[in-house]
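# Coordinates only, no sequence provided:
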């Protein structure tokens, strides 16, 4: 796979249930307030460690606020050698209305 795929929250949830890595690129305070359960927070400070320690072939779903910034981040991960990357359309805002029980508070898990 040479480029990321855009997927709806329902497909992101199915991938998550199969063990996909979910990364959230929103700002730290917003992430801490509410995020997808089990997701990892990524920012400019943590992305290089994440890439260095990641399984580049593991399915990876990128989430932002509304599904726009995640596309750039997904493309970046592909450029760094990731092979199975998805950008979630609608972002966290659509996720929390679609799967309200699948959210959590606090810092990165």
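Yep, that arrived. This structure is a prediction, so every number in the text was calculated from the model and none was measured.
# Pretty sure residue 51 is one of the things residue 78 touches, is it not?
No. In this structure residue 78 lies outside contact range of residue 51 using Cβ atoms under 8 Å: 11.5 Å. The way it works is simple: take the backbone N, C-alpha and C, and place the C-beta from them, glycine included.
# Just want to know which of those two has more residues nearby.
residue 78 (18 against 15; other Cβ atoms under 10 Å).
# isn't there a helix covering the more buried one?
Yes. Inclusion of residue 78 in a helix is indicated when DSSP: H, G, I helix; E, B strand; the rest coil is applied.
# Quick check: it vs residue 36, distance?
Here residue 78 is placed at a distance of 21 Å from residue 36 (Cβ to Cβ, to the nearest Å).
# on that earlier part again, can you pull the residues that touch both of residue 78 and residue 51?
Common contact partners of residue 78 and residue 51 (Cβ atoms under 8 Å, 6 or more residues apart in numbering): none.
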